[in-house]
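*Asks:* Predicted model and sequence below, questions to follow.
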Amino acid sequence: MVAEYEGSHPGVMEERVENWQYDIDPERLNRKQMMSFKDIRYRITDFIYYKTGIKIGEYRNYKLLKNK
């Protein structure tokens, strides 16, 4: 989520910022509405990677050799 900007804007942007119309109220959105399918997919694959060390769907054009 993006935090609300509380600093001062450059003079060139002043008129645009004053006339800005907000279409979405971030306070009314819940976390489930803000997450897309990609977000969920990456969270699941990251979880699997951190637990097992295996990246799902990763292509490697090499094979790791074991030390003797």
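*Replies:* Done, it's in.
*Asks:* mind checking the SS state of the closest residue to I56 other than its chain neighbours?
*Replies:* Nearest non-adjacent residue to I56, counting by CB to CB, 6 or more residues apart in numbering: T45, 5.0 Å away. Any C-beta I mention is one placed from the backbone N, CA and C, and that applies to glycine too. Reduced to three states with DSSP: H, G, I helix; E, B strand; the rest coil, the structure at T45 is helix.
*Asks:* Just give me the neighbour total for T45.
*Replies:* A total of 15 residues lie near T45 under the criterion other CB atoms under 10 Å.
*Asks:* who's in contact with it?
*Replies:* Contacts for T45 (CB atoms under 8 Å, 6 or more residues apart in numbering) come out as 55-57.
*Asks:* Need the pLDDT of it.
*Replies:* T45 is assigned 90 on the pLDDT scale.
*Asks:* what's the spacing between M35 and I44?
*Replies:* M35 sits 12 Å away from I44, taking CB to CB, to the nearest Å as the criterion.
*Asks:* same thing with N19?
*Replies:* From N19 to I44 the distance is 42 Å (CB to CB).
*Asks:* So these two - more neighbours on which side?
*Replies:* Set N19 next to I44 and count neighbours by other CB under 10 Å: I44 wins out with 11 against 7.
*Asks:* Can you check the distance spanned by stretch 49-61, start to finish?
*Replies:* 19 Å (CA to CA, to the nearest Å).
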